[in-house]
Every structure is written in C-alpha cells, then in structure tokens.
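J.: Curious how this folds, go ahead:
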Amino acid sequence: MLNQKHILLILTGGIAAYKCLDFIRRLRERGATVRCVMTKSAAEFVTPLSVQALSENPVYDDLFDLTQEDEIGHIKLSREADLVVVAPASADFLAKMANGLAGDLAGAVLLATDKPVLVAPAMNPFMWNHAATQRNVAQLKEDGIRFIGPETGEMAEKNEAGRGRLSDPLEIVAAIEDIFSTDILASKLTGKKVLITAGPTHEPIDPVRYIANRSSGKQGYAIAEAFLNAGASVTLVSGPVNLTAPQGVTLMPVETAQQMQDAVKAALPADIAIMAAAVADWRVDGASVEKIKKDGSGDIPPLSFTENPDILRELSLSDRRPALVVGFAAETQKVIEHATAKLDRKGADMIVANDVSSESAGGIGVMGGDENIIHLITKDGHETWDKMSKYDVARRLVDVIAAEVNK
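T.: Here you go, the predicted model:
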C-alpha cells in the first residue's frame, strides 16, 4: 500500500517525538520514502541525526538555510510528497496551523502544499481540552485537515492521565494506508450523490421548551466529511448541533422531525442515503404558542403526544429510493437483536448500531462521545468493529459502501 509513496513528516516539540523514530522505521519497512522537517523544539527531544539515520534522507529545519532552499526549497519539498504528516503535533503548532503562520520551515511547507495533511496531536489532557485548542482543531477540520487521535491514557507527567497521548505508530501507519485506500475509492465515488442526516431533532412544547435527545451530531458530520474526502457530492440535513459542516458540503439545517422529512425529500434524488440522525420518536400534539406557566395549583399541564414521521422507512419504501439506504440504531440493550429487527422493519440495506447505555464499553458509546464501537447489520448477518474514533468509523463506512455500490 505504501510502496513508492512519498511521505513528508513534520515533527514538532513534545516528549512523544521519540515515538516518531519507530514511526519512520515502520514507514520505511512498507516501502515509503520519508523526508522529515523538524521544528527547533522537536530537536530538543530527538536529534536530527537519529531522524536522518532512520529516514535515510537529510533533515530539513531552517527556512532560511541557503543550501537547503537552493537544493529543495520549501515549495518543492511540500509538493513532492504524496502526503504530509504532522506527528507529534503540539498545541502550539496546532495554533500556528489554524492561523496560517509561516514563520518557520514547517509552517511554510504546510501553507505551500497541495497534498492531503494528516495530523497526530500529542499534549497534556488539559491542553487538549482547552477551549483554544478545540477551537483550533475545529478550524483545521473545517479546512480539510485530517486527524488521528489523540488517545486516552497515562501521560509522561506523573499522576496525569486523560486524552492527549500520541496514537501508536502502527495506528498512524494504518491511518495513512486508509487515506491512500480512500483516495483509490474516491474515483469510484466521484459523481455519486450522498444524502446524510445528522444530530437530534427538537420538538417544541411551547416557544421556550422542547423535547430532544443527547445526540451531538459528531458521527453524522464525520460521515459527511469522509464521503466528501472520497469524492462524493454530499448533502447534510442536520438538526441543531454545535458543529461546523465541512467545507464543500451542502448543509440543510432543520429543527423538527417534520422539517427533516421535508428536507430529505427536497434533497432527492440521491445515490446513497445515510440516516444517522437521532430523530425524536414523538412530538407534542398541538404545541402551545405561548409559554406554559405554572399557576400555583401544583397541577401538571397535560401534554398529548403523536408519532413523528418515520423518515428512514418512508425513504426505503419511496419510489425515489436511493440505490443504497443505511440506517442507524442507538440501543441500550440487545443491540444486535434490536438492530436486526430494525433492518427488516425499515427496509434499509444496512443498519449501523451502537450501544449508548452508560455502561457500554466504559461509556464510550454514550451520545456525545468521540469514539464508538459499531455493529454493522446487513441481510447477510453482522460484524463488530473495534473501538475507534468517529471519523475512523466514517472512513471505514466509506470503504464498505463504496465496495457495495460498485459491485
């Protein structure tokens, strides 16, 4: 997969930089050519000599080095690669990337490249969770930068644990292989129109209150990004979320299930439909136009409910049905059994199911999390995927659907 591929690796400062020595070795074992750019802070943790010995190429570290600029130049360096990888990516460097700073060679290379960029962050958990870092990450994802990790675990600092560990070198290699695999599949999905729903719906009780669920929309938005990266034309029908749609996606924001149903119909025809939204099953029948007030009597105002439209089933049975329809099932018990029943009941081709109970796999499946354990249900049976990030779930779903559509 990586034979004759050219990887440009940018190392930034952090204790995790030592892992990149093994990462370089793994890339070389798979036949990749590796060139490395090091920031000055990266050289505080690993020596350029070690990096050069393992990569078998000169190390580049100075934007104003006359010899390096004459021989290779930061423009040429950035364009000759098939992929640019930043590992480890420190909080400081993510901030520079998000703001397009080019005061050193690493920043200039990233601004000059026309190739895909994969970032593997590594930092203290408090730094990763800081609002500024999350803002920078969101901006970079909107700009089309791909991420792997960080992972959860023990830090280099004593008694520190949380999300911030650099992904294992073999996992980063696998992510790189997935990118090249997705790029191969991109030609198969080019011209395909994909309709995706994401997020919750809000069903009004009165102008102030509503019924909703805990869906964050992260999985649906990750799927939209992955299909966009695979060359598809993507329409995203989204309930209310605190996420930014990937640049290039056609966004149709909605609030209620009835609005989502209308938007799905308006987005047809499509080749593929992925119904990842967590649509509320019921709505208040005749929501109040005024805020419902307490009157001091202690009586609870009566609320009458009615079923919301079954968007997945209606789409599956429609005469405008996409060639492939994928539904989602968020379950708290008997996940595979209930998802299999849903596959038959809804008329979908696949169901992507996960356990959202608080006890599931340490709670990772709970709505709003960043990771998932997926059960893929088809008419031929089911398969369970290992725990992975929601974007990795999305990339794997691209592979499965592209293979199915192009049979």
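
J.: Quick check: phi and psi on the closest residue to Ile211 other than its chain neighbours?
T.: In space, and not counting its chain neighbours, Ile211 is closest to Glu203: 4.4 Å by CB to CB, 6 or more residues apart in numbering. All C-beta spots, glycine's among them, are computed from the backbone N, C-alpha and C. The phi/psi pair for Glu203 (degrees, to the nearest 10) reads phi -110, psi 110.

J.: Test my guess that Glu203 contacts Thr256.
T.: Yes - using CB atoms under 8 Å, Glu203 is in contact with Thr256, at 5.8 Å.

J.: Residues that sit against both of these two, list them.
T.: Listed as contacting both Glu203 and Thr256 by CB atoms under 8 Å, 6 or more residues apart in numbering are Arg283.

J.: returning to what we had before: tell me the contacts of the residue nearest to Ile211?
T.: Tyr210, Ile211, Ala212, Thr256, Ala257, Ala280, Trp282, Arg283, Val284, Ala287, Asn308.

J.: could you redo the last one with a cut-off of 10 Å?
T.: Going by CB atoms under 10 Å, 6 or more residues apart in numbering, Glu203 touches 209-212, 255-258, 279-284, 287, 305, 308.

J.: Quick one, which of those are buried?
T.: By neighbour count, with 16 or more other CB atoms under 10 Å, those hold Tyr210, Ile211, Ala212, Glu255, Thr256, Ala257, Val279, Ala280, Arg283, Val284, Ala287, Asn308 as buried.

J.: how about CSV for those, with secondary structure, pLDDT and distance to Thr33 added?
T.: As requested, these are exported to CSV (DSSP: H, G, I helix; E, B strand; the rest coil; pLDDT from 0 to 100; distance: CB to CB, whole Å):
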residue, secondary structure, pLDDT, distance to Thr33
Tyr210, strand, 95, 55
Ile211, strand, 93, 56
Ala212, coil, 93, 51
Glu255, coil, 97, 51
Thr256, coil, 97, 53
Ala257, helix, 97, 52
Val279, coil, 96, 48
Ala280, coil, 95, 52
Arg283, strand, 95, 58
Val284, strand, 94, 62
Ala287, coil, 90, 62
Asn308, coil, 96, 55
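
J.: quick one: which of these is nearest Ala32?
T.: The closest of the buried ones among the contacts of Glu203 to Ala32 turns out to be Val279 (CB to CB; 44.2 Å).

J.: Confirm for me that that closest one is in contact with Ala263.
T.: No - contact status for Val279 versus Ala263: not in contact, 11.9 Å apart, counting by CB atoms under 10 Å.

J.: which residues do the two both contact?
T.: By CB under 10 Å, 6+ apart, Val279 and Ala263 have these common neighbours: Thr197, Ile311.

J.: May I ask which helix or strand of the chain has the lowest mean pLDDT?
T.: helix 66-71 (a mean of 51; mean pLDDT, DSSP states H and E).

J.: Now do the next helix or strand after it: which elements does it pack against?
T.: Moving toward the C-terminus from helix 66-71, the next helix or strand (DSSP states H and E) is helix 74-80. Under the contact criterion of 3 or more CB pairs under 10 Å, 6 or more residues apart in numbering; DSSP states H and E, helix 74-80 touches strand 6-11, strand 33-38, helix 66-71, helix 105-112.

J.: go with 8 Å
T.: Contact analysis of helix 74-80 by 3 or more CB pairs under 8 Å, 6 or more residues apart in numbering; DSSP states H and E lists strand 6-11, strand 33-38, helix 105-112 as its packing neighbours.

J.: Mind listing residues that contact the helix or strand following the longest one?
T.: Put plainly, it is helix 105-112. Downstream of helix 105-112, the first helix or strand assigned by DSSP H and E is strand 117-121. By CB under 8 Å, 6+ apart, the residues outside strand 117-121 that reach it are 83-91, 94, 97, 110, 128, 137, 140, 144-150, 164, 166-167, 172, 175-176, 179.

J.: Drop anything exposed from these.
T.: Here, 16+ other CB under 10 Å leaves 83-91, 94, 97, 110, 128, 137, 140, 145-150, 164, 166-167, 172, 175-176, 179 buried among these.

J.: circling back to that earlier point, what about the contacts of strand 117-121, which are in helices?
T.: Judged by DSSP state H, these include Ala91, Leu94, Met97, Leu110, Trp128, Val137, Leu140, Ile172, Ala175, Ile176, Ile179 as members of helices.

J.: Of these, which is the nearest to Ser41?
T.: Nearest to Ser41 among those, with distances taken as CB to CB, is Ala91, at 11.6 Å.

J.: Could you list which residues are in contact with that closest one?
T.: Taking CB under 8 Å, 6+ apart, one finds Pro121, Met123, Met127, Trp128, His130, Thr133 in contact with Ala91.

J.: Also His6?
T.: Contact analysis of His6 by CB under 8 Å, 6+ apart lists Ala32, Thr33, Arg35, Glu80, Ala81, Asp82, Leu83.

J.: now Arg396
T.: Asp178, Trp385, Met388.

J.: what helix or strand is it on?
T.: Here Arg396 is assigned to helix 390-405, by DSSP H and E.

J.: Hmm, Arg320 is touching Asp271, no?
T.: No - Arg320 lies out of contact with Asp271 (CB under 8 Å); the separation is 11.7 Å.

J.: who's more crowded, these two?
T.: The neighbour comparison of Arg320 against Asp271 (other CB atoms under 10 Å) goes to Asp271, with 17 against 9.

J.: so how far is Asp178 from that one?
T.: 22 Å (CB to CB, to the nearest Å).

J.: My read is that Phe227 contacts Thr190, right?
T.: No - in this structure Phe227 lies outside contact range of Thr190 using CB under 8 Å: 11.2 Å.

J.: neighbour count winner among those two?
T.: Phe227 (29 against 11).

J.: Wasn't that one part of a strand?
T.: No - per DSSP: H, G, I helix; E, B strand; the rest coil, Phe227 lies outside any strand segment and is helix.

J.: picking up where we left off before, who wins for proximity to Lys346 among the helices and strands packed on helix 74-80?
T.: The nearest among the helices and strands packed on helix 74-80, by CB to CB, is strand 6-11 at 43.0 Å.

J.: Quick check: can you name the pairing partners of the closest one and their directions?
T.: Here strand 6-11 is paired, per DSSP bridges, with strand 33-38 (parallel), strand 83-89 (parallel).

J.: Thanks a lot, see you next time.
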